[in-house]
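Q: next one to model:
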Amino acid sequence: MAVYRLKHFAKAADDCNVTQPTLSSMIQKLEDELGVKIFDRKRQPIQPTQAGMKVIEEAWKVLNRAKKLRQTIDEERQTLTGTFEVAVLPTIAPYLIPRFFPQLMNEHPEMDVRITEMKTEDMRKALRRGTIDAGILARVDGLEEMNCTSLYREQFFAYVAEDDPLYVKEFIRPADLSGEYLWLLDEGHCFRDQLVKFCQLKSAALSKKSYNLGSIETFMRIVENGKGVTFIPQLALSQLTKEQHRLVRPFAHPVPSREIILMTSPNFIRHTLLRMLVDRIKESLPDDIQD
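A: The predicted model follows:
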C-alpha cells in the first residue's frame with residue numbers, strides 16, 4: 001500500500017521503516033505467492049498492473065478491518081494510544097493547528113496524532129477510504145452522510161494594500177470588490193468558492209492571470225508589498241503584527257463567515273479520543289471566535 005500511495009520503492013520503504021531490499025523482496029514474495037505482478041516496475045513513477053489494482057483494493061479492505069479491530073479495543077479501554085490521522089484544510093491549518101497541537105503533544109505523549117493538509121473533496125474520499133480518521137474543514141453542502149461536530153464560526157476580513165482605493169474605507173461592501181487585482185485561491189478551494197458566492201464575484205481577471213496558484217500567506221505578502229486585495233480568516237488576526245493589522249478591513253453587514261467542523265465517517269469508533277480533541281481545540285480558541 002505504501003508503494004501504491006508513494007509510487008516509489010525507496011520512499012515506501014522509508015515510510016514503512018524497513019530497508020528497500022526488504023520491502024522489494026517481500027512484495028516479490030507476495031507476487032510469487034499470488035502468481036501475478038502487482039506493480040509495473042518499468043514505469044516511472046511506479047504503477048500497479050491491472051491485476052495489481054485488484055490486489056490493492058482488497059488490501060485496503062484488509063487493512064481497514066484490522067485497524068477497526070484495534071480501534072474497537074482502544075475505545076473499549078478508553079485509551080488515547082494508537083495512530084490517529086487528521087486531515088485539515090490548508091486555509092485552516094496555519095491558524096488553528098499551532099494553537100492546540102504542540103500543547104496536545106506535550107500533555108499526551110502516548111498519542112500519535114498525525115496532521116495532513118488536504119482539500120475538501122480529497123478529505124471526503126480519504127474518509128470513505130479509511131486513510132484518515134477525521135477531517136477539519138469548513139461546512140459545505142453534501143456532507144450529510146458524514147458525522148459533523150461544530151468547532152467554531154469565524155468571519156472573513158479584507159486585507160488591503162495601502163495603494164488600493166479600498167484602503168481608505170472603514171468597512172468593505174461586496175459591491176466595492178470590483179478591482180482587477182483581487183487575490184483569490186485557485187478553483188477547488190472551498191474558501192474561494194464561499195467568497196465568490198458571497199461577494200457575487202464573476203472573476204478577478206488580472207490577478208488570476210498574474211498568479212494562478214497560491215496560498216493565503218502568499219497573497220498577504222503581495223498585498224503588503226503594495227498590490228491588490230485578498231481575504232483572511234478571523235483566526236489569522238491573532239498572528240498579525242501591528243503593521244499588518246493596518247491593512248485589515250472588516251466587511252459591512254452581512255458579514256461573510258464560515259463554520260469550521262470536525263468530520264468523521266458514520267462508522268467511526270474512537271469517540272473518547274475525538275471528544276478530547278474537540279475540547280482541546282475549543283479551549284485554544286480566542287474569546288472573540290463564536291462557538
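Q: now the phi/psi pair for R77, please.
A: When read as degrees, to the nearest 10, the backbone of R77 gives phi -90, psi -10.
Q: do P48 as well
A: phi -70, psi 150.
Q: quick check: longest strand of this structure.
A: Of all the segments of type strand in the chain, defined by DSSP state E, the longest one is strand 147-160.
Q: pLDDT on it, on average?
A: Strand 147-160 shows a mean pLDDT of 93.
Q: again with stretch 224-234
A: When pLDDT is averaged over stretch 224-234, the result is 91.
Q: then that stretch to PDB, C-alphas only?
A: Provided in PDB are the C-alpha atoms of stretch 224-234 (Å, rounded to 0.1, in the frame of the first residue of the first chain):
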ATOM      1  CA  GLU A 224       1.800  44.000   2.000                       C
ATOM      2  CA  ASN A 225       4.100  45.000  -0.800                       C
ATOM      3  CA  GLY A 226       1.500  47.200  -2.400                       C
ATOM      4  CA  LYS A 227      -0.800  45.400  -4.800                       C
ATOM      5  CA  GLY A 228      -4.400  44.500  -4.500                       C
ATOM      6  CA  VAL A 229      -6.800  42.900  -2.000                       C
ATOM      7  CA  THR A 230      -7.100  39.400  -0.600                       C
ATOM      8  CA  PHE A 231      -9.200  37.700   2.200                       C
ATOM      9  CA  ILE A 232      -8.100  36.300   5.500                       C
ATOM     10  CA  PRO A 233     -10.000  34.300   8.100                       C
ATOM     11  CA  GLN A 234     -10.600  35.700  11.600                       C
END
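Q: list the buried residues for the longest strand of the chain?
A: Across strand 147-160, burial judged by 16 or more other C-beta atoms under 10 Å covers 147, 151-160. From N, CA and C alone the C-beta is placed, and that goes for glycine too.
Q: so P90: helix, strand or coil?
A: coil (DSSP: H, G, I helix; E, B strand; the rest coil).
Q: next, count neighbours for it.
A: 15 (other C-beta atoms under 10 Å).
Q: name the nearest residue to it, sequence neighbours excluded.
A: Among residues not flanking P90 along the chain, E117 sits closest, at 4.7 Å (C-beta to C-beta, 6 or more residues apart in numbering).
Q: so what's that neighbour up against?
A: 87-90, 93 (C-beta atoms under 8 Å, 6 or more residues apart in numbering).
Q: export those to TSV and tack on distance to I172?
A: Listed next are the contacts of E117 as TSV, based on distance: C-beta to C-beta, whole Å:
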residue	distance to I172
A87	32
V88	28
L89	23
P90	24
A93	25
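Q: which ChimeraX command selects the buried ones in those?
A: Those of the contacts of E117 that count as buried under 16+ other C-beta under 10 Å are selected in ChimeraX with:
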select :87,88,89,93
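Q: which ones are touching A126?
A: Here A126 is in contact with 87, 118, 132, 135 (criterion: C-beta under 8 Å, 6+ apart).
Q: relative to E117, how far out is it?
A: From A126 over to E117 the distance is 12 Å, taken as C-beta to C-beta, to the nearest Å.
Q: follow-up on the earlier one: farthest pair within the buried residues of strand 147-160?
A: Within those, two members stand farthest from each other by C-beta to C-beta: N147 and V160, at 38.9 Å.
Q: which one of the buried residues of strand 147-160 is nearest T264?
A: Scanning the buried residues of strand 147-160 for proximity to T264, where the rule is C-beta to C-beta, the winner is N147, at 4.8 Å.
Q: strands of the protein, start to end?
A: Under DSSP E, the chain gives strands at 39-40, 47-48, 83-88, 112-117, 134-138, 147-160, 229-233, 248-249, 257-264.
Q: sheet-wise, list the partners of the first one with their directions.
A: When you say that, I think you mean strand 39-40. strand 47-48 (antiparallel) (DSSP bridges).
Q: so what touches the partner strand?
A: In contact with strand 47-48 (C-beta under 8 Å, 6+ apart) are residues 4, 7, 38-40, 55-56.
Q: try it again with 6 Å
A: Contact partners of strand 47-48, identified using C-beta atoms under 6 Å, 6 or more residues apart in numbering, comprise 4, 39-40, 56.
Q: of those, grab the buried ones for ChimeraX.
A: Command for ChimeraX that selects the buried part of those, burial taken from 16+ other C-beta under 10 Å:
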select :4,39,56
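Q: okay then, goodbye and thanks.
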